[in-house]
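Enquirer: Dropping a prediction and its sequence here:
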Amino acid sequence: MLLQSRKQGRSARCEIITRVLAIICIRDKVDESDWIGIEVLIRLWVSMMHKNSCCAISVLLLAVCAQFSLAQMPPAQAEVGKISDALRSRKFDEALTLSQTALVTHPRDVRIWTLRGMATAGTGNLPLALSAYQHALNLVPTYLPALEGAAQSEFQMGHDAARPFLLKVLAQLPDDPTSNSMLGVLDYRKGNCADAIIHFEKAAGVIATQPTALSEYGACLAILIRDQDAVSVFAEALALDPNKKEARYNLALAQWNAHDAEGSLATLQPLVEPNPIDKDASMLAAEILESKGDTARAVELLRNLILANPKDVAAYLQFAIVSYDHTSPQVGIDILNAGLTQMPREPRLYLVRGILQTQIGEFAHAAEDFETAGRIDPELSFLGVAEGLVKSQQHNSAEALTEFRAAAKAHPNDAYVQYLLAQALQQEGKPQGSPEYEEEVKAATLAVKLDPRLVAAYDLLSSIYFENGQMDLAIKQSRDALAVDTTDQQAIYHLILALRKTGQKDQIPVLLKRLVELRANSQTDQTTSAKRYRLYESQAPAATAASSTP
């Protein structure tokens with residue numbers, strides 16, 4: 001029965017082919033697009049001919065049809081050859097003229113329409129080229145060269161409309177590197193790095209010579225915290241153009257994120273030494289040096305940057321952060337005062353000066369600075385946070401929470417603002433299930449979503465879940481934190497406690513050993529830093545800013 005059913009199926013398919021060929025043959029005229037259909041039918045016929053004798057009828061019809069149709073249809077192959085030769089010689093105007101002439105006698109030849117699209121694209125008229133490709137696709141929707149040409153035209157015009165064409169190309173050629181590279185770029189522009197990386201990986205051979213595509217690939221890897229992979233890709237981009245400052249900076253930043261401080265500093269060195277100073281490179285180098293405890297060199301870099309660019313806000317702000325971290329707020333205030341003589345209407349300088357004022361207990365002056373910053377720019381990020389910090393240090397938790405909530409509402413996409421709101425809510429100690437608890441978890445979760453590198457937010461979530469007995473969630477957050485920063489002591493500590501609670505004690509000895517080593521190293525570093533470095537105000541802060549001394 002099964003064998004008989006298969007024979008009947010083959011007979012039915014042969015009958016369909018026979019009928020279609022017969023219909024084509026009795027038409028008044030068979031044109032080029034019909035012949036593409038006939039080619040498909042031929043392939044089907046060949047696959048079944050040896051299995052079913054009824055296909056012999058198809059053979060006869062095809063032979064008769066071919067003889068009749070070839071007699072009535074002028075050959076287009078010669079025209080196609082001439083147009084192709086002109087394109088290979090980059091004679092685009094000549095190719096346009098030839099294609100226009102050929103279309104008079106072959107108006108439905110998809111090859112000519114596609115070649116016309118290529119010639120038009122060669123002259124730089126991408127919209128008109130796209131029109132030619134679309135005309136070809138109206139004749140044969142799956143014609144691969146026309147799909148590729150339409151995709152390329154849309155892509156070069158910066159349109160996401162290239163996507164459907166590219167997907168149709170990949171339906172026929174799943175591993176096509178060119179189409180995958182274009183889709184990778186489109187996904188990058190959409191912020192869809194997960195899919196972009198998949199396409200970039202398939203296009204490795206093509207993008208290996210494209211610095212921009214490599215940079216976008218590396219950026220996506222960095223966004224998804226695949227830092228070591230990002231280092232490799234950015235290194236390829238820099239190798240293509242060693243003098244490209246942006247490529248060198250990208251590699252250095254990736255190395256820094258991958259915890260290779262020495263490698264990052266070595267990569268940055270050509271950008272830090274020359275004159276004029278590269279601002280971004282100097283600031284990154286200063287941050288790395290400060291993290292290594294080399295505050296003297298970090299301060300020197302920032303001071304030189306300020307002297308070279310006295311209206312560079314970012315340099316003043318980073319110098320102020322170093323002052324805050326080294327419990328030297330007055331030096332930071334002095335350098336900010338110098339900055340305000342250059343930029344008296346810069347609200348961020350008032351904001352940060354206000355924060356430093358709180359460090360020395362000058363709450364009234366801090367409030368004045370915050371008020372000034374808000375008057376200049378009411379939408380300034382962190383203004384509400386700073387005011388909340390003042391209220392918190394004055395032990396006014398209710399007003400502080402109000403300020404944090406207002407700041408989070410005004411800046412919903414600011415990860416650090418959301419984190420500080422969650423931290424303030426945690427200090428309220430509201431039980432699980434309360435509106436405040438739900439708000440706390442929501443804010444902390446949003447913080448890590450907005451900034452996957454914000455380790456403090458992971459630690460906060462781990463603490464929240466641990467306090468409420470949700471050990472599996474606490475473990476996950478601690479592991480996520482350690483994926484970003486392997487030296488995060490708080491994450492290791494939370495992980496040890498949560499693993500102990502869940503009976504997973506086999507991992508604890510290794511974690512305990514690691515925690516002891518980190519604490520010993522950090523205590524040594526802190527003692528050394530406290531002994532060696534105290535920032536102090538120089539005689540002329542506007543000129544020499546600040547220095548450091550043993």
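Expert: Thanks, I have the structure now. Here the structure is a predicted model, which means the values were calculated and not measured. Residues are numbered from 1 along each chain as shown.

Enquirer: C-alpha from now on. contacts and neighbour counts both.
Expert: Will do.

Enquirer: What helix or strand is Ala457 located in?
Expert: In this structure, Ala457 is located in helix 455-467 according to DSSP states H and E.

Enquirer: Identify the residues contacting that helix?
Expert: When contacts are taken as CA atoms under 8 Å, 6 or more residues apart in numbering, the neighbours of helix 455-467 outside the stretch itself are 419, 423, 426, 441, 444-445, 447-448, 471, 473-478, 480-481, 484-485, 488, 490-491, 494, 498.

Enquirer: Report the buried residues of it.
Expert: Neighbour-count burial for helix 455-467 flags Val455, Ala456, Ala457, Tyr458, Asp459, Leu460, Leu461, Ser462, Ser463, Ile464, Tyr465, Phe466 (criterion: 16 or more other CA atoms under 10 Å).

Enquirer: now what about the helix or strand following that helix, what contacts it?
Expert: Using DSSP H and E, the helix or strand that follows helix 455-467 towards the C-terminus is helix 471-484. Around helix 471-484, the neighbours that count as contacts under CA under 8 Å, 6+ apart are 225, 453, 455-456, 458-459, 461-466, 488, 491-492, 494-495, 498-499, 501-502.

Enquirer: Could you check how far the next helix or strand after helix 471-484 is from the centre of its chain?
Expert: Beyond helix 471-484 in the direction of the C-terminus, DSSP H and E gives the next helix or strand as helix 489-501. The chain centroid and the centroid of helix 489-501 are separated by 32 Å, computed with CA atoms, centre = their mean, to the nearest Å.

Enquirer: for the chain, what are the low-confidence residue spans?
Expert: Within the chain, the stretches with pLDDT under 70 are 1-75, 274, 379-400, 519-550.

Enquirer: what about the residue minimising distance to the centre of it, distance to Cys193?
Expert: Computing the C-alpha centroid of the chain and ranking residues by CA atoms, centre = their mean puts Cys220 first, at 3.5 Å. Taking CA to CA, to the nearest Å as the measure, Cys220 falls 5 Å from Cys193.

Enquirer: Give me the nearest residue to Ile83, chain neighbours excluded.
Expert: In this structure, Ile83 finds its nearest non-sequential neighbour in Ala95, 5.0 Å apart by CA to CA, 6 or more residues apart in numbering.

Enquirer: and the one you found, helix, strand or coil?
Expert: Here Ala95 is recorded as helix under DSSP: H, G, I helix; E, B strand; the rest coil.

Enquirer: isn't it right up against Arg116?
Expert: Yes: judged on CA atoms under 8 Å, Ala95 makes contact with Arg116 at a distance of 7.2 Å.

Enquirer: Looking at these two, which is more packed in?
Expert: The neighbour count for Ala95 versus Arg116, taken as other CA atoms under 10 Å, is higher for Arg116 (30 against 26).

Enquirer: What are the contacting residues of whichever strand or helix holds that one?
Expert: Secondary structure here is read from DSSP H and E; on that basis Arg116 sits in helix 110-122. By CA under 8 Å, 6+ apart, the residues outside helix 110-122 that reach it are 32-33, 80, 83-84, 87, 90, 92-93, 95-96, 99-100, 102-103, 126, 128-133, 135-137, 139-140, 143, 145-146, 149, 153.

Enquirer: Repeat that for stretch 254-264.
Expert: Stretch 254-264 is touched from outside by Ala222, Asp227, Gln228, Ala230, Val231, Phe234, Leu251, Ala252, Leu253, Ile288, with contacts defined as CA under 8 Å, 6+ apart.

Enquirer: Please narrow these to those residing in helices.
Expert: When helices are assigned by DSSP state H, the members of these inside them are Ala222, Asp227, Gln228, Ala230, Val231, Phe234, Leu251, Ala252, Leu253, Ile288.

Enquirer: Relative to Arg189, which of these is nearest.
Expert: Proximity of the ones in helices among the contacts of stretch 254-264 to Arg189 was ranked by CA to CA; the top entry is Ala222 with 15.0 Å.

Enquirer: Quick check: that closest one touching Ser232?
Expert: No: under the criterion of CA under 8 Å, Ala222 lies out of contact with Ser232, with a separation of 11.1 Å.

Enquirer: Neighbour count: those two, which is higher?
Expert: Regarding Ala222 and Ser232, a neighbour count based on other CA under 10 Å identifies Ala222 as having more, with 20 against 14.

Enquirer: Which residue is the nearest non-sequential neighbour of the more buried one?
Expert: Nearest residue to Ala222, sequence neighbours excluded (CA to CA, 6+ apart): Ala230, at 5.7 Å.

Enquirer: Likewise for Tyr324?
Expert: In space, Tyr324 is closest to Leu356, 6.7 Å off (CA to CA, 6+ apart).

Enquirer: Mind putting the ones in helices among the contacts of stretch 254-264 into CSV with distance to Gly263?
Expert: Written out in CSV, the entries for these read as follows (distance: CA to CA, whole Å):
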residue, distance to Gly263
Ala222, 17
Asp227, 14
Gln228, 12
Ala230, 14
Val231, 11
Phe234, 13
Leu251, 10
Ala252, 7
Leu253, 10
Ile288, 11
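
Enquirer: Could you give the number of residues near Gly158?
Expert: 11.

Enquirer: now swap in the one 5 residues further on and tell me
Expert: A total of 18 residues lie near Arg163 under the criterion other CA under 10 Å.

Enquirer: so it sits in a helix?
Expert: Yes: remark: Arg163 belongs to a helix, assigned using three-state DSSP.

Enquirer: so what's it up against?
Expert: The neighbours of Arg163, taking CA under 8 Å, 6+ apart as the test, are Ala151, Leu183, Leu186.

Enquirer: The second one: what's it in contact with?
Expert: Taking CA under 8 Å, 6+ apart as the criterion, Leu183 is in contact with Arg163, Leu166, Ala196, His199.

Enquirer: re earlier: from what I can see the residue nearest to Ala222 touches Glu216, true?
Expert: No: contact status for Ala230 versus Glu216: not in contact, 10.0 Å apart, counting by CA under 8 Å.

Enquirer: thinking again about what came up before, name the nearest of the ones in helices among the contacts of stretch 254-264 relative to Pro435.
Expert: Pro435 has its nearest neighbour among the ones in helices among the contacts of stretch 254-264 in Ala222, at 35.4 Å by CA to CA.

Enquirer: Need the three-state assignment for Pro344.
Expert: Reduced to three states with three-state DSSP, the structure at Pro344 is coil.

Enquirer: Backbone dihedrals for it, both of them.
Expert: phi -70, psi -10 (degrees, to the nearest 10).

Enquirer: And for it, the neighbour number?
Expert: Other residues lying near Pro344 total 12 when counted by other CA under 10 Å.

Enquirer: How much space separates Ser232 from Leu214?
Expert: As it turns out, when the distance is counted by CA to CA, Ser232 lies 10 Å from Leu214.

Enquirer: Report the spatially closest residue to Lys442, excluding sequence-adjacent ones.
Expert: Beyond its immediate neighbours in the sequence, the residue positioned closest to Lys442 (CA to CA, 6+ apart) is Ala422, lying 8.0 Å away.

Enquirer: Now tell me what touches the strand or helix carrying that neighbour from outside.
Expert: With secondary structure defined by DSSP H and E, Ala422 is part of helix 415-428. With CA under 8 Å, 6+ apart as the contact definition, helix 415-428 has outside contacts at 382, 385, 400-401, 404-405, 407-408, 411-412, 436-437, 439-444, 446-451, 454, 456-457, 460, 464.
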